[in-house]
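**Q** Need coordinates for the following:
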Amino acid sequence: MLVMAGAPPILAADQLTGFPFQNETLRYRVNWPGGRSLGDVTLTAHKAGDGGWDFDMSTSVLIPVVPISDRYKSTASGADLCSSTLQREISHGTKKVTEKTEFDQKKNRAQRQTLVPAGGGQSEFDLPACGRDALSFQYFARREMGQGRVPPAGKVFFGSGYEVKMDYTGAQDIPVAGKPVVTDHLNVSVKGPASDFSFEIFYARDPQRTPLLIKIPLSIGTVTLELVR
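**A** A predicted model of the protein is given here:
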C-alpha cells in the first residue's frame, strides 16, 4: 500500500538529515492524561562503520512511587536492519534488571541472558528470516514508510517475541507548534505471551518519516509522546 501520496520527492541522501540518511537524535515529551508532563524519551540512531546502525532509547518518567528510568541499546546490520544485539537496562522503582540478547541471523537463533540480577539464567529461541528487535523494527518501519510501503506484519523481539501489525488509516492533521500538520496515521497492534495492546503513530510526511506523535491508551487515559522541536 502506498502511503506517500502528496509527500515531497526524496532528494539525494547527502542533502538530507536524520535517519536513514544521517545520524539522528529525537526527544519526546511524555504527557500524562490531562496534559501534565512527567518525563521524556530520547531516541538516537548512529551509523556504524560497518554500514549498520546503533540505536539507543532512554526513558525517564517520574511516575509517583515507581519512577521509570530505562535504557535500551540495539545494533543492526545491513539495509534491512536485521538485529545483531539488544541490551535492556530496566529500572522501575527498586526493580533493576539488565539483559542482553544476541541474534545469530545465519542460524535463525537468538540467545537471551539476564546479567542483573546475577544468576538470572538464559534462554534460546528461534528467529524468522531477518529477526528484528523492537528498536530496529521501529527504524525499519520508517525506512519502509519512506519507500511508500507499510511494514509487513511479523514477530518482533523485546525480551519475548511479539506479533506486530501496522495498519495505515490515511492522512490526518495534528497540531504541531500551534499549526495543523498533515501526517500519515497508523494503528499498531501488539500481541505477546502475556499482553495484547495497541497504540497510534503519526508520521511526518518528510523523507525521514519522523514520528511526530505517539498515543498509548491505558486504563487511566491516553499517554502521549510528543516530539520536542
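**Q** Doesn't Ser136 belong to a helix?
**A** Yes. Assigned with DSSP: H, G, I helix; E, B strand; the rest coil, Ser136 falls within a helix.
**Q** which ones are touching the closest residue to it other than its chain neighbours?
**A** Nearest non-adjacent residue to Ser136, counting by Cβ to Cβ, 6 or more residues apart in numbering: Ala76, 4.2 Å away. For glycine as for every other residue, the C-beta is placed from the backbone atoms N, C-alpha and C. Residues in contact with Ala76, defined by Cβ atoms under 8 Å, 6 or more residues apart in numbering, are Gly52, Trp53, Phe55, Cys82, Ser83, Ser84, Arg132, Asp133, Ser136, Tyr139.
**Q** now do Thr224
**A** Thr224 makes contacts with Val30, Asn31, Leu213, Ile214, Lys215, Ile216, as judged by Cβ under 8 Å, 6+ apart.
**Q** So which residue is smack in the middle of the chain?
**A** Gln138 (3.9 Å; Cα atoms, centre = their mean).
**Q** For the residue sitting furthest away from the middle of the chain, give me the pLDDT.
**A** Centroid-distance maximum for the chain: Gly119 at 29.2 Å, with Cα atoms, centre = their mean. pLDDT, Gly119: 82.
**Q** on that earlier part again, now the residue nearest to Ser136: how far from Thr25?
**A** 17 Å (Cβ to Cβ, to the nearest Å).
**Q** just Ala141 next, same as before
**A** Counting by Cβ to Cβ, the gap from Ala141 to Thr25 is 18 Å.
**Q** Settle it for me: which of those two has more neighbours?
**A** Taking other Cβ atoms under 10 Å, Ala141 and Thr25 do not tie; Ala141 has more neighbours (24 against 12).
**Q** Now do the phi/psi pair for that one.
**A** Dihedral pair for Ala141: phi -60, psi -40, per degrees, to the nearest 10.
**Q** swap in Tyr139?
**A** Dihedral angles (degrees, to the nearest 10) for Tyr139: phi -80, psi -40.
**Q** surely it meets Gly18?
**A** No. Tyr139 lies out of contact with Gly18 (Cβ atoms under 8 Å); the separation is 10.9 Å.
**Q** higher neighbour count, those two?
**A** Tyr139 (21 against 17).
**Q** roughly how far apart are the more buried one and Ser123?
**A** According to Cβ to Cβ, Tyr139 and Ser123 sit 26 Å apart.
**Q** same thing with Glu99?
**A** Noted for Glu99: a distance of 10 Å to Ser123, by Cβ to Cβ.
**Q** any residues in contact with both of the two?
**A** By the contact definition Cβ under 8 Å, 6+ apart, Glu99 and Ser123 are jointly contacted by Arg112.
**Q** Between the two, which is the more surrounded one?
**A** A count of neighbours by other Cβ under 10 Å puts Glu99 above the other of Glu99 and Ser123, at 18 against 11.
**Q** for the protein, what spans make up the helices?
**A** Assigned by DSSP state H, the helices in the chain fall at 134-146.
**Q** Longest strand in it, please.
**A** strand 160-176 (DSSP state E).
**Q** Could you tell me the angle between that one and helix 134-146?
**A** Interaxial angle, strand 160-176 versus helix 134-146 (axes from the mean of the first three to the mean of the last three Cα atoms, to 10 degrees): 50 degrees.
**Q** is Phe199 in a bridge, and if so with what?
**A** According to DSSP bridges, the residues that bridge with Phe199 are Val188.
**Q** I meant to write Thr42 there.
**A** Thr42 has the following beta-bridge partners by DSSP bridges: Arg27, Ser58.
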